[in-house]
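*Asks:* here is a sequence together with a model predicted from it:
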Amino acid sequence: MTQITQPAPEGSAATAPALLSLHGVQKHFGDLHVLRDIELEVTAGEVVVVLGPSGSGKSTLCRTINRLETIDEGEIRIDGELLPTSGPGLARLRSEVGMVFQSFNLFAHKSVLDNVTVAPIKVKKVPRAQAEREGRELLERVGVADQADKLPAQLSGGQQQRVAIARSLAMKPKVMLFDEPTSALDPEMINEVITVMTDLAKSGMTMVVVTHEMGFARRTADRVVFMDAGRIVEIQPPEQFFTAPRSERAQDFLSKILDH
Amino acid sequence: MDHLFEQRSAIWDAFLTTLSLAGISGLLALVLGTVLAGMRVSPFLPLRIIATGYTEFLRNTPLTIVFFFYVFVTPSMGFSFSYKVAAVIALTCYTAAFVAEAVRSGINSVAPGQAEAARSLGMSFGQNLGLVVLPQAFRTAIPPLISVFIALVKNTSVAGAFSVLELFALSKRLTNAYSADVITILIGIALCYLVICIPLGRVAAALERKAVFGR
């Protein structure tokens, strides 16, 4: 198997300082080596899409970035700061990293508006009136403003995921992580979430997106990270990756998913 | 029957004693038990050990021994309480262990993604627990909690053996005084317990209906 871990040369992004950097990251689940020698730098404003077969470690990679998964070795830096292992320092860095989950994870007992305002009010001590005003603006932006007073369970999956994106944005994060945001959605709801994500990318948000949406990767990604068996196999701009993948593993993966 | 009527003010006093023992201990046990449940899921190992040790010890000790401790042992250590205060402390400590387990089962029923989302937003452990996990945990913990409180109401009768004149102690007095009326007296006293416990069950059902929400 060809292993290409060098990032492809690219324009301005390569010279800008990294907003997010993973260096020498290793992780095991028991005997299983789920992340091997991970080296990745993401610059401000960049959209990185992580692709790979299931079990390749891409979700785990995404979850290590805000330490929902611990790592065994290596270092992760956010805006130059080393990710602390616990305590208030970790909480503060997490508040600067937005996370969108496959299963939405909206707070089930809180209204849509409360979901969006609770963290700014309690964590960042934003006055309630301001948090609610900004929260409503965000709900407007993701197209669910008319659902503000409902409970999450009363919303469709697509609406819930858009609220989850708004909830993360309410903390004004430096970077947003998406862990398979459309995998739990009915097909007709995928587009409404992808549209919100595309708008977000256009607005200059730094994003790391684990997904199976090849269309999104192709149109919106600045770089595609391809993972297999816990390793980053190649990093390429999307056009090169989809038309001329360098590694056999990526060629094999693409032949399987692009065939049908 | 006549004797029950004659003794109505004594029964009323004993009823209030039972009710206040259960009410005060129940409230305190709810607070202490919730704190213990929180400690058991905290990321800080010593807190987990203390809470687990407390729960296992108190849950598996007969209530009578807990009463003995507070009524006879602590005074010899220089802390003495009135019988009633000692009874409240004993009932609180004992019941808190059961409350902690009921609340913990509620915490375990909350989807792990809820706490993950809270953490990813930068919430501290305390905020995560107080704002996200516990409000949802209590909804599932209501039925087991009500069972715990019903048991508490009946456990107050142990205080009767430690010089607190509550319903059970009164029933012993009355049956000694009017031995011909044992059955009516016991039924009368039992009814007093039902008057407390049956509404508790109703309250539980009402709370549960109110707490129903989609997941």
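*Replies:* Yep, it's here.

*Asks:* list the helices and strands the lengthiest helix in chain B packs on?
*Replies:* Ordering each helix of chain B by length in residues (DSSP state H) puts helix B:8-40 first. Packing partners of helix B:8-40 (3 or more CB pairs under 8 Å, 6 or more residues apart in numbering or on different chains; DSSP states H and E): helix B:45-59, helix B:83-109, helix B:134-155, helix B:167-177, helix B:182-211. For glycine as for every other residue, the C-beta is placed from the backbone atoms N, C-alpha and C.

*Asks:* just name the most buried of the ones you listed.
*Replies:* helix B:83-109 (a mean of 22; mean count of other CB atoms under 10 Å in any protein chain shown).

*Asks:* tilt between that helix and helix B:45-59?
*Replies:* With axes from the mean of the first three to the mean of the last three CA atoms, to 10 degrees applied, the angle from helix B:83-109 to helix B:45-59 works out at 120 degrees.

*Asks:* CA atoms only for whichever helix or strand comes after helix B:83-109, dumped as CSV, please.
*Replies:* For helix B:83-109, the following helix or strand on the C-terminal side (DSSP states H and E) is helix B:112-120. Provided in CSV are the C-alpha atoms of helix B:112-120 (Å, rounded to 0.1, in the frame of the first residue of the first chain):
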residue,chain,number,x,y,z
PRO,B,112,-24.0,10.1,26.8
GLY,B,113,-24.2,12.5,23.9
GLN,B,114,-26.0,15.0,26.2
ALA,B,115,-22.9,15.3,28.5
GLU,B,116,-20.6,15.2,25.5
ALA,B,117,-22.4,18.2,23.9
ALA,B,118,-22.2,20.1,27.2
ARG,B,119,-18.5,19.4,27.5
SER,B,120,-17.9,20.4,23.9
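
*Asks:* what separates the helix or strand just after helix B:112-120 from the chain centre, distance-wise?
*Replies:* Per DSSP H and E, the first helix or strand lying C-terminal to helix B:112-120 is helix B:125-127. Put simply, helix B:125-127 sits 25 Å off its chain's centre (CA atoms, centre = their mean, to the nearest Å).

*Asks:* who's in contact with helix B:125-127?
*Replies:* Identification of contacts with helix B:125-127 by CB atoms under 8 Å, 6 or more residues apart in numbering or on different chains yields A:122, A:123, B:42, B:43, B:118.

*Asks:* so for that helix, what's the average pLDDT?
*Replies:* Averaging pLDDT along helix B:125-127 gives 95.

*Asks:* same check, this time on stretch B:140-158
*Replies:* pLDDT averaged over stretch B:140-158 gives 94.

*Asks:* list just the nearest of the contacts of helix B:125-127 to residue B:29.
*Replies:* residue B:42 (19.8 Å; CB to CB).

*Asks:* identify the residues contacting the closest one.
*Replies:* Contacts of residue B:42 (CB under 8 Å, 6+ apart): B:48, B:125.

*Asks:* kindly provide the distance from it to residue B:107.
*Replies:* Distance from residue B:42 to residue B:107, counting by CB to CB, to the nearest Å: 11 Å.

*Asks:* check residue B:65 too.
*Replies:* Distance from residue B:65 to residue B:107, by CB to CB: 29 Å.

*Asks:* just for chain B, where's the confidence low?
*Replies:* B:1, B:211-215 (pLDDT under 70).

*Asks:* mind doing that once more with 80?
*Replies:* Flagging of chain B using pLDDT under 80 yields the residue ranges B:1-3, B:208-215.

*Asks:* that older thread, and the angle for the longest helix of chain B with helix B:45-59?
*Replies:* 150 degrees.

*Asks:* from the middle of its chain, how far away would helix B:8-40 be?
*Replies:* On CA atoms, centre = their mean, the centre of helix B:8-40 falls 6 Å from the chain's centre.

*Asks:* show me what counts as buried in that helix.
*Replies:* B:11, B:14-15, B:17-19, B:21-26, B:28-30, B:32-40 (16 or more other CB atoms under 10 Å in any protein chain shown).

*Asks:* and residue A:70, how far is that from residue A:91?
*Replies:* 15 Å.
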